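Asks: Quick check, what structure comes out for this input:
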Amino acid sequence: MHACRKTLSLRIQKYNCMPSSSRRKFLRQLGGTAALFTGGNMAAMALDEQKIHYLQPEKRYGPNDKVRIAGIGMGLMGFGDMETALKVPGVEIAGVCDLYDGHFERARELWGKDVYCTRDYRELLERKDIDAVIVATPDHWHDHISIAAMRKGKHVYCEKPMVQNWEEGHEVIRAQKETGKVFIVGSQGVSSIALTEAKKLIKSGALGEINLVEAVNDRYGALGAWQYSIPTDASPKTIDWDRFLGDAPKRPYDPVRFFRWRNYQDYGTGVAGDLFVHLISAVHHALDSNGPERIFSSGSLSYWKDGRDVPDVLTGIMDYPKTATHGAFQMQLRVNFADGSGGSNRTRFYGSEGMMEWNGDRFILRKQKLSAAPGFGGWDTYNVFSSAQQAEYQKWYNEKYSAEDKKRIAPEETKFAAPMGYDSRLEHFTNFMEGIRSGKPIVEDASFGLRAAGPALASNLSYFKKKIINWDPNGMRVK
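Replies: Residues are numbered from 1 along each chain as shown. Predicted coordinates for the structure are as follows:
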């Protein structure tokens, strides 16, 4: 398997130029080098007759300069981000900040008893031996810590959404521009080679004119609905509750709010800020889009009535205007935390000549094209013409349309995926480190972050205010 991945070289544009017969021959020739997979289960790949093109990531890892990084906010995302960052050659952990003592114990178990731990993130920002920080705190802390970190000379990897309120995004952008520090938002799917290749296909015209995007992230289960486990030793002694609140409304200590903060407007941004933003980020990257101009969302608190004050079912409709990079289209988004089918995660791009379904590190391209001749018969008014008129119509039709016009192109399906073991999160952190080391452009900078977070946060505004939100995709603000 490793040998076949090394020898397989995908050239999307060359493939697009092939006639149908050559494409089929090309796919047959891949039989010895391309692996197989089925709908959603890579482990069952041998059952699928369709071949899949393995995409090759760029080999560019190199510890040119040491980068010392600290983690601020060591929950699920904080630990996962740090573990991934340390896989990039030359990256070292310099410390962690959190507000629950048990996370310090876990950090020492993973990275040694000498790992520096603090409840005050400002201690990390004052240290000259720290180059960068990961901000994986609750959403209401993102802007404060990111801005302070950049103004203290630190590069920043900030989890999505970049901010809790869209107005805060402009201050983050200003801080990045004024300090010149590298800033990246952690919606790692944007760095996936599958999305990169999907973008190339879309730009080559493989789908024709995009007219609709459908993006779904449904879940089924308590953990997926943010009912995270609460440690038995949680108490005002082991948790810095007042520091956690920050600029949120003051209230008595509540471990549920601390560990399940995504469920509350005071600290999080609901399903729109957590999941819509991932879907929006991918679409914006694939289409080089600045964003929508009209946003409407509707939903409900349907199943998880556990005290949360955000919906567990939310749908959104966003109207994107025609720009230099894409035509006008509509995006439909959905998150359902009580999806009895088991949950799903997909983004579909619909065009006049095909459909593409992207899911993490793989995608499927289904191409078809309407013939120039519309055809007749079937469910058609032709069937209620008189016999004489049917004959006359057939004569007219055959004179108007040539054999070539009537030719119908058979639908084709092609599958693409990253190789086994590929990690888009590592790819994202590699982009971050390359930005620090060599000034390479960042795939998801602060402006990109607000262009993705803004429409997601506007979806919340629409839901709670029950009205359409008009958004300025260029000025990145509510009109």
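Asks: Figure out how far stretch 58-77 is from the centre of its chain.
Replies: How far stretch 58-77 lies from its chain's middle: 20 Å, per CA atoms, centre = their mean, to the nearest Å.
Asks: average pLDDT for it?
Replies: Taken as a whole, stretch 58-77 has an average pLDDT of 84.
Asks: What is the lengthiest helix in the chain packed up against?
Replies: Ranked by number of residues, the top helix in the chain under DSSP state H is helix 446-465. Contacts defined by 3 or more CB pairs under 8 Å, 6 or more residues apart in numbering; DSSP states H and E place helix 446-465 against helix 166-179, strand 183-186, helix 277-287, strand 294-300, strand 313-320, strand 469-472, strand 477-478. No exception for glycine: its C-beta is placed from N, CA and C like everyone else's.
Asks: just the angle between it and strand 313-320, please?
Replies: Inter-element angle recorded for helix 446-465 and strand 313-320: 120 degrees (by axes from the mean of the first three to the mean of the last three CA atoms, to 10 degrees).
Asks: Okay, buried residues for helix 446-465 please.
Replies: By neighbour count on 16 or more other CB atoms under 10 Å, the buried set for helix 446-465 is 446-463.
Asks: Same check on stretch 168-187?
Replies: Here stretch 168-187 shows 168-170, 172-173, 175-176, 179, 181-187 as buried, counting by 16+ other CB under 10 Å.
Asks: ok, so of these, who is nearest Tyr54?
Replies: Distance to Tyr54, by CB to CB, is smallest for Ser187 among the buried residues of stretch 168-187, at 23.9 Å.
Asks: Please tell me how far the closest one sits from Val443.
Replies: Shown here: Ser187 relative to Val443, a distance of 10 Å by CB to CB, to the nearest Å.
Asks: can you check Lys395 too?
Replies: Counting by CB to CB, the gap from Lys395 to Val443 is 58 Å.
Asks: Need the mean per-residue confidence for the longest helix of the chain.
Replies: Helix 446-465 comes out at a mean pLDDT of 98.
Asks: State the pLDDT value of the residue positioned nearest the centre of the chain.
Replies: Nearest to the mean C-alpha position of the chain, counting by CA atoms, centre = their mean, stands His278 at 3.2 Å. If you check His278, the pLDDT there is 97.
Asks: quick one: contacts for it?
Replies: Residues near His278 by CB atoms under 8 Å, 6 or more residues apart in numbering: 160, 187, 189, 217.
Asks: so which of these comes closest to Ala403?
Replies: Nearest to Ala403 among the contacts of His278, with distances taken as CB to CB, is Gly189, at 45.2 Å.
Asks: Could you report the neighbour count for the residue nearest to that closest one when sequence neighbours are not counted?
Replies: Closest residue to Gly189 apart from its sequence neighbours, by CB to CB, 6 or more residues apart in numbering: Ala282 at 5.2 Å. Counted with other CB atoms under 10 Å, the neighbours of Ala282 add up to 24.
Asks: how about Ala282, what does it touch?
Replies: Ala282 neighbours (CB under 8 Å, 6+ apart): 187, 189-190, 195, 215, 347, 358.
Asks: For the residue with the largest distance to the centre of the chain, give its distance to Lys395.
Replies: Taking CA atoms, centre = their mean as the measure, the residue most remote from the mean C-alpha position of the chain is Ala388, 58.2 Å away. Noted for Ala388: a distance of 11 Å to Lys395, by CB to CB.
Asks: One more: Ser402?
Replies: Distance of Ser402 to Lys395, computed by CB to CB: 15 Å.
Asks: give me the number of residues near the closest residue in space to Thr325 that isn't next to it in sequence?
Replies: Spatially, and ignoring its direct neighbours in sequence, Thr325 is nearest to Asp288 (4.1 Å; CB to CB, 6+ apart). Applying other CB under 10 Å, we find 13 residues neighbouring Asp288.
Asks: what about Asn474, neighbour count?
Replies: When neighbours are counted by other CB under 10 Å, Asn474 registers 11.
Asks: Nearest residue to it in space, please, no chain neighbours.
Replies: Closest to Asn474 by CB to CB, 6+ apart is Asn290, at 5.9 Å.
Asks: show me what contacts that neighbour?
Replies: So Asn290 contacts 284, 323, 451, 473-474 (CB under 8 Å, 6+ apart).
Asks: wait, which of those is closest to Val96?
Replies: Using CB to CB, Arg451 comes nearest to Val96 of the contacts of Asn290, at 30.5 Å.
Asks: Do I have it right that the closest one meets Met476?
Replies: Yes. Using CB atoms under 8 Å, Arg451 is in contact with Met476, at 6.0 Å.
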